[in-house]
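Trainee: Predicted model follows, preceded by the sequence.
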Amino acid sequence: MSALPGAVRIREVGPRDGFQNEPEVIATDDKVRLVDALARTGVPRIEITSFVRADVIPQLADAQEVLARVDVPAGVDRSVLVPNARGLDAALEVRDRFDTVSVFLSASETHNARNVNRGVAESLEGLRTVLPRAAEAGLHCEAVIATSFGCPYEGVVPEDRVMELARALAEAGATEVGFGDTTGMANPVQVQRFFTRAAQELGDRVELTAHFHNTRGQGLANAVAALQAGCTSFESSFGELGGCPVPKGATGNIATEDLVSMFEEMGVRTGVDLQAVLDAAHDVALVLGRPLGSHTLVAGPVDWRLA
């Protein structure tokens, strides 16, 4: 464990990945308050919203209003997700309100078809248009590959396929590639092998980011495995919000507060104020009116003081 990286970057995705998967439509006022709070926790980037069709994801229909109203301090990167060229067109109408654009596709054909009603090749072709346009607008470009570690419909997803997609996305203009364990199928041995290979084959071309879900309770163990392989960029969601629209049972991302607590206890610096994240997670639990899956929210931070 002595060879672990000394510091990591934790990117908060709850306001987009979390809110869009909640059954409720969270009020715009609440979204703005929560984003403003998260922006002051020390996280270097927040995924604020997504430019998607309101009839498909009504939870994010207020994307432009949220971006117009949030007060994000200088130095905190503001990210939005776009599914296609039409989404990028809408986002560019408020280009001055964000810094990073995130795009996505799935590594498996069945998941991609059920998620966006397209084949993987068709999605990739679309992103070959979106990414250069985003880069020309001066945006940082992240591409996320969903089901990188397994597909709930097809089972095993070959590593070769994921690496090939990552190379294609880098060639299209992505400067960061996120690998998503979209339905929580990964295990630590697999993850360590995967990120070791990814660093060798892709690490000099793009930043590698880990995006784990806690569907089967292995999210934090997978984060440690990625860390051991040298990964220093992670995405997580306060309160363990989120999931995947397809299939059923695909529960939330690993909780930001759990990830921060674990890394800091391991001596890995995050730069994130744990109590500030817990305060935001407590707030969103009140907004939603139900307990959340975050462990640290229930147990509180580790207290090493003698009784």
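Mentor: Sure, I can see it.
Trainee: Buried residues, stretch 52-71. List them.
Mentor: Using 16 or more other CB atoms under 10 Å as the test for burial, stretch 52-71 gives 52, 57, 59-63, 66-67, 69-70. C-betas here are computed from N, CA, C, even on glycine.
Trainee: With only the CA atoms kept, save the helix ranked longest in the chain in CSV.
Mentor: When the chain is parsed with DSSP state H, its longest helix is helix 120-136. Extracted in CSV, the C-alpha atoms of helix 120-136 (Å, rounded to 0.1, in the frame of the first residue of the first chain):
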residue,chain,number,x,y,z
VAL,A,120,-22.5,1.4,-30.7
ALA,A,121,-21.0,2.2,-34.1
GLU,A,122,-23.8,4.7,-34.8
SER,A,123,-23.2,6.4,-31.4
LEU,A,124,-19.5,6.5,-32.0
GLU,A,125,-20.0,8.1,-35.4
GLY,A,126,-22.2,10.8,-33.8
LEU,A,127,-19.5,11.5,-31.1
ARG,A,128,-16.9,11.9,-33.8
THR,A,129,-18.9,15.0,-34.8
VAL,A,130,-19.8,16.2,-31.3
LEU,A,131,-16.3,16.0,-29.7
PRO,A,132,-14.5,18.2,-32.3
ARG,A,133,-17.2,20.9,-32.1
ALA,A,134,-17.0,20.9,-28.3
ALA,A,135,-13.2,21.2,-28.4
GLU,A,136,-13.5,24.1,-30.9
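Trainee: The helix or strand just after it to helix 120-136, inter-axis angle?
Mentor: Toward the C-terminus, helix 120-136 is succeeded by strand 140-146 as the next helix or strand (DSSP states H and E). For strand 140-146 against helix 120-136, the angle by axes from the mean of the first three to the mean of the last three CA atoms, to 10 degrees is 160 degrees.
Trainee: Pull out the buried residues from the very next helix or strand once past strand 140-146.
Mentor: Using DSSP H and E, the helix or strand that follows strand 140-146 towards the C-terminus is helix 159-172. Residues 159, 162-163, 165-166, 168-170, 172 are the ones in helix 159-172 that count as buried (16+ other CB under 10 Å).
Trainee: Many thanks, I have nothing further to ask.
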